[in-house]
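Novice: I would like the atomic coordinates for the input below:
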Amino acid sequence: MNDRSGSRRRIVVGISGASGAIYGVRLLQMLRRAEVESHLVMSRSAQVTLSHETSLRMTDLQALADMSYPNADIGAAISSGSFRVDGMIVAPCSIKTLSEIATGCTGSLISRAADVMLKERRRLVLMVRETPLHAGHIRSMAAVTDAGAIVYPPVPAFYAKPATLEEMVDHTLGRVLDLFDIDARAVRRWDGRSGM
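Specialist: Residues are numbered from 1 along each chain as shown. As a prediction, this is how the structure comes out:
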């Protein structure tokens, strides 16, 4: 998926305010371990959620990323189709962010960068975190899917028999990274036998 003359892989990571900040945190750690360049943008709501769900600060996440941008910086590199990236993952993705992307109403850098992925036909994965869903949510998911995005709710895979919450999160993120042909070595792959 990368034809930038052998240069390092590059993924944009958006973190919105939905519950599940750990998905964004672990994703940045996995990308670093896989030597994939990460470009981070977080919403203000994500910063609030991060402080409620973890002991991390915004600066801790910025330190995990190769580059980070304020969500209000509509002129950032990742807001342009001329800035070459392999794709974008929004982990987690709130319904608000999903709706902005679905309608093309890009009032933030997260939704603008996602819109760029769609217009440039690059991979966009949205880890939508909401339940239960009403018809408007489902219509927004259908709209982004029609535009080329992949809606990937972080649903745990119990066949992997996770022993910890971290294993469950990592398996899900490993499957997301599979969509970019990045092997994070976090997936217990099904081999057709119960013992895997």
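Novice: can you pull out the strands in this protein?
Specialist: Assigned by DSSP state E, the chain shows strands spanning 10-15, 37-42, 67-70, 87-93, 123-128, 150-151.
Novice: Just give the strands next to the third one in its sheet, each with its orientation.
Specialist: Which is strand 67-70. Its sheet considered, strand 67-70 pairs with strand 37-42 (parallel) by DSSP bridges.
Novice: Centre of the chain to the strand it pairs with, how far?
Specialist: In terms of CA atoms, centre = their mean, to the nearest Å, the centre of strand 37-42 is set 10 Å apart from its chain centre.
Novice: Let me know the angle separating it from strand 87-93.
Specialist: 40 degrees (axes from the mean of the first three to the mean of the last three CA atoms, to 10 degrees).
Novice: Would you mind listing the buried residues in strand 37-42?
Specialist: For strand 37-42, burial by neighbour count (16 or more other CB atoms under 10 Å) applies to 37, 38, 39, 40, 41, 42. Every C-beta, even on glycine, is put in place using the N, C-alpha and C of the backbone.
Novice: Kindly reformat the strands of the chain as TSV containing mean pLDDT.
Specialist: Listed next are these as TSV, based on pLDDT from 0 to 100:
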stretch	mean pLDDT
strand 10-15	98
strand 37-42	98
strand 67-70	98
strand 87-93	98
strand 123-128	98
strand 150-151	98
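Novice: Distance to residue 61 for those - can I get that in a markdown table?
Specialist: Below are the strands of the chain laid out as a markdown table (distance: least, CB to CB, whole Å):
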| stretch | distance to residue 61 |
| --- | --- |
| strand 10-15 | 7 |
| strand 37-42 | 6 |
| strand 67-70 | 8 |
| strand 87-93 | 12 |
| strand 123-128 | 16 |
| strand 150-151 | 23 |
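Novice: Looking at those strands, which is nearest to residue 79?
Specialist: strand 67-70 (8.6 Å; CB to CB).
Novice: Would you mind measuring from residue 138 to residue 181?
Specialist: Distance of residue 138 to residue 181, given as CB to CB, to the nearest Å: 29 Å.
Novice: wait, I meant residue 171
Specialist: Residue 171 is 17 Å from residue 181, where distance means CB to CB.
Novice: When the two are compared, which one has more neighbours?
Specialist: residue 171 (22 against 11; other CB atoms under 10 Å).
Novice: neighbours around the closest residue to residue 149 other than its chain neighbours, how many?
Specialist: Closest residue to residue 149 apart from its sequence neighbours, by CB to CB, 6 or more residues apart in numbering: residue 124 at 4.3 Å. By other CB under 10 Å, 26 other residues sit near residue 124.
Novice: check contacts around residue 124.
Specialist: Taking CB atoms under 8 Å, 6 or more residues apart in numbering, we find residue 124 in contact with 87, 88, 89, 90, 101, 114, 117, 118, 144, 148, 149, 150.
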